[in-house]
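[1] Here's a sequence, model it:
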Amino acid sequence: GFDYAWMNDADVLSNSWGGGTPSSILDDAIHRAITQGRDGKGCVVFFSAGNNYAGLSYPGLNKDVIAIGGITMCNQRKSPTSCDGEYWWGASYGDGLGLVAPCVKIPTTDISGTGGYSSNDYYNTFNGTSSACPNAAAVAALVLSVSPSLKQEDVKTILETTADKIPGYSFKSTTGYKNGTWNNELGYGRVNAYQ
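    Now for the predicted structure:
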């Protein structure tokens, strides 16, 4: 799927799935997308961090991707005790986390009928880092719409250096995180399309 996407002109790959053991086959495919996609400028690849209220799940742990965690409408990392009342889950966090985006009560389109979450064309309370990941990917697409000549690493740097530092969380220089200050629960911060 990764090879098909970059070979057929995909610029940004948003992946709301994860789990399982690391695979060299998958890692190699991701690496090809990041190095060969967009005529050598590289596709920007995002993965949901996971919803297990613990460390990131693979392939979000792959160092080439941007792992996206979740934040609530109250500027809290999503946890079972955050303000949204969804006590049954929490966003994954920790080493490898790139950014966070809104992940609770997100309106989205839906499959009509019994195949969807609701009987309508829309679902108003979609949640999880699977709702945060496409948000961040869309911001990368906006960046590329303004500057299509940017390399993958340039887009990643722009997103990480312009992220909002959420009050109440300590962001500091951390070994291995070169694009500014970082936090174990929020990565570089909340993605900010305006910035």
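
[2] from here on, contacts and neighbour counts on C-alpha atoms
    Fine.

[3] And for the lowest-mean-pLDDT helix or strand in the chain, what's in contact with it?
    Among the secondary structure pieces of the chain, namely its helices and strands, strand 122-126 has the lowest mean (mean pLDDT, DSSP states H and E), a mean of 87. Counting by Cα atoms under 8 Å, 6 or more residues apart in numbering, strand 122-126 makes contact with 103-111, 117, all of which sit outside it.

[4] And stretch 162-172, by the same measure?
    Residues from elsewhere that reach stretch 162-172, judged by Cα under 8 Å, 6+ apart: 75, 99, 180-183, 188-192, 195.

[5] quick one: which of the residues you listed is most hemmed in?
    Scoring the contacts of stretch 162-172 on neighbours with other Cα atoms under 10 Å, the highest-scoring entry is L99 at 30 neighbours.

[6] ok, N179 - how many residues close by?
    Counted with other Cα under 10 Å, residues neighbouring N179 total 16.

[7] Assign it to helix, strand or coil.
    Assigned with DSSP: H, G, I helix; E, B strand; the rest coil, N179 falls in the strand class.

[8] so it sits right up against T157, yeah?
    Yes - between N179 and T157 a contact is recorded at 6.2 Å, counting by Cα atoms under 8 Å.

[9] mind listing what P59 touches?
    Each residue near P59 by Cα under 8 Å, 6+ apart is listed here: 18-19, 22, 47.

[10] Now, those that are in strands?
    Where the contacts of P59 overlap with strands, as defined by DSSP state E, the overlap consists of F47.

[11] Select, from the contacts of P59, the two members most distant in space.
    Using Cα to Cα, the contacts of P59 reach their maximum pairwise distance at P22 and F47, which is 14.0 Å.

[12] what residue is smack in the middle of the protein?
    The residue at the geometric middle of the chain, judged as the C-alpha nearest the mean C-alpha position with Cα atoms, centre = their mean, is I68 (2.8 Å).

[13] roughly how far apart are it and W182?
    Shown here: I68 relative to W182, a distance of 13 Å by Cα to Cα, to the nearest Å.

[14] swap in S131?
    Plainly put, S131 is 22 Å away from W182 if you go by Cα to Cα.
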